[in-house]
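[1] give me a model of this one.
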Amino acid sequence: MKEEDYLIRPNFEETPSSIICDILSRLPTKSCLNCKLVCKEWYKIITSSEFADLHSSSCPYFTILLYGKFNNGKKNFLLLDLDKSSNVDEMGNLDLGCDAMIRFKSKFNYPHHKLYVINECNGVICLKSWEQWSPYIMCNLLTGEQVIVDQLYKPSCSVEIYGLGQCPISNRFKVLRILNTNGSHKYLAEIQTLGTNEWRTVGDSPQFQLRRSGAFLDGSLHRYSYRDNCIWAFHFGKEKFYVVVVPDGTKRGLYTEVSVFDSQLCFSSISENCRQCEVWVMKKYAVNDSWMKLFVFQVESFAHRMPLVKMGNKEVLVSYNNCVHLGVCDTESGRCKRVRVPGISSYKVITCNPRFSKL
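    As a prediction, the model looks like this:
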């Protein structure tokens, strides 16, 4: 190599860490996992808590997890990185490259077929078996970490609602559970910070009838209450409940879901004639009059349409039937066709914010 070539050749080691971090934050999940192995500096960058936030805001990909049965009959997780170039063919098959898919072989104390996903929070999955007093399993699939939170059996109580959240101040993960004291019909909220092995009472809980699905946003876990026709939220920093109103004119309905779409609180509800699903987003969080109707989709059999990611100019990838199917909807006609993922037969759809740092 000539001397002048050395003069013009950039020295990558002298590139500022901030620039490297910005470049890495724009890569898909599998590429980030590979880049962790390049050198100690890149590993330190990718596994930092700051990188998770930057990757979430900078990366052009939208990540979903499918928890279901593969062709081998075994249940596990499949991660998909999607963007506007992701294609659904005429037969409804999702066409993805190998770099857009990550298969996991996670192992838990309970067999996979006995576990279900409670919710996801900033890359951490909360699972539980159907046994009421079974422990909660917190898992970061990308790091392979697991944290078990045991429950202390209380004979006079039943566990009604639970969920995982993260304190926006300390960044520590917490598990919330709501107990129904069978004798007095009083609801009690308890919380445990991961790593403390101690349940703390955080006061009385409102007596609501909640949907099991929930959405974590702005430090709070949100669930729709059919009884009150509102969204109840619990803030994991303040450790308090509060109400988020639903869009004006929205009727009380059992077929209603809360999610997050495009970093905004999203509310989907079946119309009175059960033929349409209206999708709203809260443009400015906690501002009641900022609800805006975004889509109106045609439905069959009370099937919700929960939007996940925009694909092209007029198509949106959605989950429906309690998040056990994927579909692609035309935003102009409102029509939807089912999407098939090669290699997986039945599954639960979970939106995910990849996190490469430890719990």
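[2] lowest-confidence helix or strand of this structure?
    helix 3-8 (a mean of 50; mean pLDDT, DSSP states H and E).
[3] give the buried residues for the helix or strand that that helix is followed by.
    Once helix 3-8 ends, the next helix or strand along the chain (criterion: DSSP states H and E) is helix 17-24. Using 16 or more other CB atoms under 10 Å as the test for burial, helix 17-24 gives Ile20, Cys21, Leu24. For the C-beta atoms, the positions are set from N, CA and C on the backbone; glycine is no exception.
[4] packing partners for helix 17-24?
    Here helix 17-24 touches helix 40-46, helix 49-58, going by 3 or more CB pairs under 8 Å, 6 or more residues apart in numbering; DSSP states H and E.
[5] ok, and what's touching the last one?
    Read that as helix 49-58. 21-22, 24-26, 32, 45, 122-123, 171, 353-357 (CB atoms under 8 Å, 6 or more residues apart in numbering).
[6] cool, stretch 328-342 as well?
    With CB under 8 Å, 6+ apart, stretch 328-342 has contacts from 66, 78, 80, 88, 91-94, 276, 295-299, 305, 307, 311, 314-318, 320, 325-327, 347.
[7] could you list the low-pLDDT ranges of this protein?
    For the chain, the stretches flagged by pLDDT under 70 are 1-13, 84, 183-184, 208-213, 254, 272-273, 301-303.
[8] list the buried residues for stretch 268-275?
    Ser268, Ser269, Ile270.
[9] from Met306, how far off is the last one?
    When distances are taken as CB to CB, to the nearest Å, Ile270 and Met306 turn out to be 12 Å apart.
[10] now the second one
    Distance, Ser269 to Met306, using CB to CB: 11 Å.
[11] same list (the buried residues of stretch 268-275) but as CSV, adding distance to Gly237.
    Formatted as CSV, the buried residues of stretch 268-275 follow (distance: CB to CB, whole Å):
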residue, distance to Gly237
Ser268, 27
Ser269, 29
Ile270, 33
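[12] for Phe216, state which of the residues you listed is nearest.
    Ser268 (16.8 Å; CB to CB).
[13] residue contacts, that closest one?
    Thr256, Glu257, Ser259, Cys277, Glu278, Val279, Trp280, His304, Arg305, Met306, Pro307.
[14] dig out what the second one forms beta bridges with.
    Using DSSP bridges, the bridge partners assigned to Glu257 are Ser268.
[15] number of residues surrounding it?
    Residues lying near Glu257 (other CB atoms under 10 Å) number 24.
[16] repeat that for the last one.
    By other CB under 10 Å, the residues close to Pro307 number 22.
[17] any idea what it is bridged to?
    Per DSSP bridges, the residues bridged to Pro307 are Val318.
[18] next one: it from Met101, what distance?
    From Pro307 to Met101 the distance is 22 Å (CB to CB).
[19] what of the fourth one?
    Between Cys277 and Met101 the distance, using CB to CB, works out to 28 Å.
[20] of those two, which one has the most company?
    Using other CB under 10 Å as the criterion, Cys277 and Met101 rank with Cys277 on top: 27 against 18.
[21] quickly find the element holding the more buried one.
    Judged by DSSP H and E, Cys277 forms part of strand 276-282.
[22] among the contacts of helix 49-58, which two are most distant?
    Maximum distance among the contacts of helix 49-58 (CB to CB): 23.1 Å, for Arg26 and Asn171.
[23] cool, thanks, talk later.
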